[in-house]
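J.: how would this look folded up:
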Amino acid sequence: MPIALSEEHRDLAASAAGWAARHAPIAETRAEPGRPDLWKALTGQGWHSLHLPESVGGQGGGLLELAVVAEQFGRHLVPGPFLPTVMASAVLAAAEPTETLAAFAAGATGAVVLEGLTATSTADGWQVNGTSCPALGLADAELAVVRAQEIWFVVRPEPGQLIPVEAVDLTRSAARLKLENFLVSQDNVVEIDPERAELALAVPAAAEAAGLCGWTLDCAVDHVRTRVQFGRPIGSFQAVQHQAAGILLHREIATAAAWDAARAERHSVAQQALAAAQARHAALPAAVDASVSCLRLLGAIGFTWEHDAHLYWRRAVALSGSLGRSAARTLGERARTTTRDLTLASPDDCLELRRQIASVLDQTEPSAQVLADAGLAAPHYPKPYGLDAGPLEQAVIAEEFERRGIPQPTTVIGEWVLPTLLVHGSAEQRERFVMPTLRGEIRWCQLFSEPGAGSDLASLTTRAAKVDGGWRISGQKVWTSLAHEAHWGVCLARTDPDAPRHRGISYFLVDLAAEGVTVRPIRQATGRAEFNEVFLDDVFVPDRDLVGEPDSGWRLATTTLANERHNMGATLAHGSSDRIRQLLRDRPDDPDVLAALGRCASRELTLATLGLRGVLARLAGTDLGAEVSVQKVFSALAQQEGSREVIALLGPGSASAEGGHVLDHLGLPAVLFGGGTVEIQLNVIAHRVLGLPR
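T.: The predicted structure is shown next:
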């Protein structure tokens, strides 16, 4: 899903992509990377000043509009000074308008110099000395926006001040700036908040990284679809499919980080600082990783000079360090005191709904029954079970619960079961089960997995035979969460053994108190027993507890599983930043802990931003494809990485179960297996989103 979500921004993206395809074809970029006619055409179209205020001759947009265009220009590898120039002008745009900003709006080229120079205070201002680190586009810049320690200023580089370097990115220049006793008067110092400057730099860079990821994904998928080995497209091999799905994950990570940083322009400075650090940490490395994965799928042909892949790889590498060194510790320091504001609704949204919620939540400890009867146990359900709340209304309701410190109700497994009953169940089944579950009177488990089936549910062997008045079910289920506490279970059983694998399966509601049901807890590696084996020995299930028609169970099961995956991908249960924050209390200045907190906070921010973008995409009527599987994969990988980091930080403490950190790590397989393994979700992405052959 691209940065652009609204119809207006999608139109802008299409326009930028079309312009780039016409004016910057890759063949011409190879022949003449820095064509002056291209810059003239680009400025004539106003792409360079999209984010600048109209008062200085700009287009009056903002960082989000700039991000939309930068993503498309990155995808098309538009050469020359566009990115360095808009980064420089975006920094100045965050300060008071100046004549220099008007020069940028008029078409001056620019660059940003960030590291390597020192500034010494003098009676008249500052004296700057040193040789900077290489800066993108500096060799072609008419204006350089320079940071020397804590001051910002603008300089028109003279030939003797520029030291050209051999650029890694073959489509734009790089140089060092050498200044000797260079005087900057106090009047020429640009007063700009450093956090706002970081955001102005991070947004276009992260957006370009997202565009690079997009191209590498398309390139890799096109190749593996058509490349034939061993008599079949290599895209049909599972290892190849998983690698391609991994590139899609990199693209989604980069896109989410760039988008969130762009929208932070209108937030507080603390929010901007957090979003900027996240964009640097998440988006820029993603472009490098995606490029390398693309090259692996292309094989030797992608490693040749003639193939375009190395041009994108080179740009990703040059871009990755353009804003400085690793942002993990910076992100950790900011995440320590600031939580990213990802609220969807404004305080003025849905005022009547807010008053309605207040009348319920402001009671003394509202019970589960009160919340259910008010439609607040599952507000997205249709009336009379919920409030038929859309994404915006759900966001408002969540905010009202959070403001009062009241956790939103959950029916646990019921959150996956009830949507199936609402869509496919009979009126009698809805009457018997939906409201009692929402009130907490009925608890559920899911009787899907079997000892010989694993993630391949279609190979289940539990049988249901038709008898007078109902069915007799026999078989064994395993890894059933909370069956020892449940009243009812949803059960898949084969009703037509001669039908193809995904047919002949039916969806039953099983009373766990019925004769023939045996629940046996399974003790896990953690020592706890949250999973169970469930034995069904000739269990009678009346006809009224068959959901839908016989042999239609697979279609119903996909509804349940989709809801399960969405919920399981929404939060981190293991390896969360909360555990690293606990370690930080005893080691407040430990750089390793701060960096680990930054990495973990980045993963959590990515997951939350993916969820928010998914909601906004629904509001905009965008088809999300396999968004649920993307979130499930990322959630599982994020929890694995975070949990591993906690263990590494413990050091000798990992020999002790104190604090629950090691037990948290030992419980990780429940996330990696539950609701379909990571590998199964990667298969879903490869087939449904990327269209790779089975």
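J.: Report the next helix or strand after the least confident helix or strand in the chain by mean pLDDT in sequence order.
T.: Using mean pLDDT, DSSP states H and E, the weakest-scoring helix or strand in the chain turns out to be helix 553-568, at a mean of 61. Later in the chain than helix 553-568, the nearest helix or strand by DSSP states H and E is helix 577-586.
J.: list the helices and strands that next one packs on?
T.: Contact here means 3 or more CB pairs under 8 Å, 6 or more residues apart in numbering; DSSP states H and E; on that basis helix 577-586 packs against helix 328-337, helix 591-619, helix 627-650, helix 661-666. The C-beta positions use only the backbone N, C-alpha and C, and glycine is treated the same way.
J.: and with 6 Å instead?
T.: Using 3 or more CB pairs under 6 Å, 6 or more residues apart in numbering; DSSP states H and E, the elements in contact with helix 577-586 are helix 591-619.
J.: Please spell out which residues along the helix it packs on are buried.
T.: Of the residues in helix 591-619, those buried under the neighbour-count criterion (16 or more other CB atoms under 10 Å) are 593-617.
J.: do stretch 8-16 as well
T.: For stretch 8-16, a neighbour-count test (16+ other CB under 10 Å) marks His9, Arg10, Leu12, Ala13, Ala16 as buried.
J.: Turn the residues you listed into TSV, columns for secondary structure and distance to Val684.
T.: Output for the buried residues of stretch 8-16, formatted as TSV (DSSP: H, G, I helix; E, B strand; the rest coil; distance: CB to CB, whole Å):
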residue	secondary structure	distance to Val684
His9	helix	28
Arg10	helix	25
Leu12	helix	31
Ala13	helix	26
Ala16	helix	31
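J.: and Ala175, backbone torsions?
T.: Dihedral pair for Ala175: phi -160, psi 170, per degrees, to the nearest 10.
J.: In the sheet, which residues pair with it? Tell me.
T.: Ala135, Pro164 (DSSP bridges).
J.: What residues sit buried inside the longest helix belonging to the chain?
T.: The helix that spans the most residues within the chain, counting by DSSP state H, is helix 194-226. Neighbour-count burial for helix 194-226, counted by 16+ other CB under 10 Å, picks out 195-217, 219-221, 223-225.
J.: now do stretch 405-415
T.: Quick answer for stretch 405-415 (16+ other CB under 10 Å): Pro409, Thr411, Val412, Ile413, Gly414, Glu415.
J.: Now intersect those residues with the helices, please.
T.: Gly414, Glu415.
J.: quick one: contacts for Leu438?
T.: By CB atoms under 6 Å, 6 or more residues apart in numbering, the contact set of Leu438 is Ala372, Ala377, Ala378.
J.: One more pass at 7 Å, please.
T.: Leu438 is in contact with Ala372, Ala377, Ala378, Tyr385, Thr411, counting by CB atoms under 7 Å, 6 or more residues apart in numbering.
J.: For the third one, give me the pLDDT.
T.: In the prediction, the pLDDT value recorded for Ala378 is 91.
J.: Next, it: phi, psi?
T.: Backbone torsions of Ala378, given as degrees, to the nearest 10, read phi -150, psi 70.
J.: so how far is Leu418 from it?
T.: Counting by CB to CB, to the nearest Å, the separation of Ala378 from Leu418 is 7 Å.
J.: One more: Lys383?
T.: As defined by CB to CB, Lys383 lies at a distance of 14 Å from Leu418.
J.: which one of those two has more residues nearby?
T.: Using other CB atoms under 10 Å as the criterion, Lys383 and Leu418 rank with Leu418 on top: 26 against 8.
J.: OK, contacts around that one?
T.: Leu418 is in contact with Thr411, Val434, Thr437, counting by CB under 7 Å, 6+ apart.
J.: and it, what element?
T.: helix 414-424.
J.: tell me which residues of that helix are tucked away?
T.: Neighbour counts using 16+ other CB under 10 Å place Gly414, Glu415, Trp416, Val417, Leu418, Pro419, Thr420, Leu421, Leu422, His424 of helix 414-424 among the buried residues.
J.: Could you check the pLDDT of Thr571?
T.: At Thr571, the model reports a pLDDT of 58.
J.: just the one 3 residues further on next, same as before
T.: Per-residue confidence at His574 stands at 80 (pLDDT).
J.: Quick check: the closest residue to Ile580 other than its chain neighbours vs Trp554, distance?
T.: Once flanking residues are discounted, Ile580 sits nearest to Leu597: 4.7 Å by CB to CB, 6 or more residues apart in numbering. From Leu597 across to Trp554, the span is 43 Å (CB to CB).
J.: hmm, what's the outermost residue in the chain?
T.: Within the chain, the residue lying farthest from the chain centre (CA atoms, centre = their mean) is Asp468, at 51.4 Å.
J.: Tell me the pLDDT of that residue.
T.: 96.
J.: related to what we said a few turns ago, mind giving me a markdown table with the contacts of Leu438 and columns for distance to Ala273?
T.: Output for the contacts of Leu438, formatted as a markdown table (distance: CB to CB, whole Å):
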| residue | distance to Ala273 |
| --- | --- |
| Ala372 | 42 |
| Ala377 | 38 |
| Ala378 | 37 |
| Tyr385 | 43 |
| Thr411 | 39 |
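J.: Now flag whichever of these is closest to Gln363.
T.: Comparing the contacts of Leu438 against Gln363 with CB to CB places Ala372 closest, at 13.8 Å.
J.: Pull out the buried positions in stretch 378-395.
T.: Here stretch 378-395 shows 378-381, 385-387, 389, 391-395 as buried, counting by 16+ other CB under 10 Å.
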